[in-house]
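Enquirer: output the structure for:
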Amino acid sequence: MKLRPRTTRITIIITILILAVVAYYAYLSNKTRTERAAASMTVVEETLSRDLNNNYPPTPKEVIKYYNDITKCLYNETCTDDEIERLAMKNRGLYDEALLNANELGTYLIKVRSDVAEHKDKKVTIINIALASSTNVDYYTRDGYSFARLMCTYTMNENGTNSTTQMVYLLRKDSNKQWKIYGWDFAENVDINGDGVPGD
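Expert: Residues are numbered from 1 along each chain as shown. Down below sits the predicted model:
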């Protein structure tokens with residue numbers, strides 16, 4: 001028995017509508033699954049997921065912001081040994097070549113693990129970080145290199161007692177035009193009107 005043209009058209013339209021509904025449902029299900037997976041990532045996993053090769057922080061402030069994200073993970077979160085090592089390697093990805101050379105990898109990893117353990121033993125956590133605004137970044141040139149210097153204030157809690165520490169970070173632009181951490185020191189040790197390295 002032949003279907004009439006009108007019946008054939010209706011059958012095709014209904015089939016297309018059913019396929020469209022199924023495809024849309026599949027799309028929504030996949031999107032929800034992806035959002036759930038993203039939402040279930042821990043702070044540490046999210047911090048580790050950044051690809052510094054393809055998504056390097058574009059400004060000195062953003063470099064220190066990501067450095068602080070790593071620091072908060074190390075001292076505020078419960079990390080496995082593997083996560084501590086991977087976070088430490090992310091830190092090294094932000095370091096200037098001179099700073100890397102001054103911190104041999106094996107010794108550096110031992111020091112990071114020791115610092116994390118000491119903070120945990122003393123129950124020290126970072127409760128707030130105030131990073132200088134972009135307009136308060138001090139740029140200058142020295143020995144043919146571009147430098148940027150900025151201050152960061154940390155509020156720490158140790159066994160219920162809060163304390164504040166100010167650090168000055170110095171960054172140097174490398175041959176790839178990326179700002180790398182060259183050094184840091186306590187603010188009271190730095191001549192903020194000079195153009196030296198923190199600690200000079």
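
Enquirer: so what's the residue nearest the centre of the chain up against?
Expert: Centroid-nearest residue in the chain, with C-alpha atoms, centre = their mean: Tyr66, separated by 3.3 Å. Counting by C-beta atoms under 8 Å, 6 or more residues apart in numbering, Tyr66 makes contact with 50, 57, 90, 94. No exception for glycine: its C-beta is placed from N, CA and C like everyone else's.

Enquirer: of the residues you listed, closest to Ala132?
Expert: Of all those, Ala132 sits closest to Pro57, with 14.9 Å by C-beta to C-beta.

Enquirer: identify the residues contacting the closest residue to that closest one other than its chain neighbours.
Expert: The spatially closest residue to Pro57, leaving aside those adjacent along the chain, is Val63, at 4.5 Å (C-beta to C-beta, 6 or more residues apart in numbering). By C-beta under 8 Å, 6+ apart, the residues touching Val63 are 57, 94, 171, 179-181.

Enquirer: and the residues you listed as TSV, adding neighbour count?
Expert: Conversion of those to TSV gives the following (neighbours: other C-beta atoms under 10 Å):
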residue	neighbour count
Pro57	17
Leu94	20
Leu171	27
Trp179	24
Lys180	20
Ile181	20
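
Enquirer: share the number of residues neighbouring the residue nearest to Lys122 when sequence neighbours are not counted, please.
Expert: Leaving aside its sequence neighbours, Lys122 sits nearest to Glu158 (C-beta to C-beta, 6+ apart; 5.8 Å). For Glu158, the neighbour count with other C-beta atoms under 10 Å is 12.

Enquirer: same question for Thr135.
Expert: 6.

Enquirer: repeat for Arg9
Expert: By the criterion of other C-beta under 10 Å, Arg9 has 11 neighbours.

Enquirer: for the chain, just list every one of the strands.
Expert: 124-131, 138-142, 145-158, 161-173, 179-186 (DSSP state E).

Enquirer: switch those over to TSV; also include mean pLDDT.
Expert: Shown next, in TSV, are these (pLDDT from 0 to 100):
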stretch	mean pLDDT
strand 124-131	95
strand 138-142	95
strand 145-158	96
strand 161-173	96
strand 179-186	96
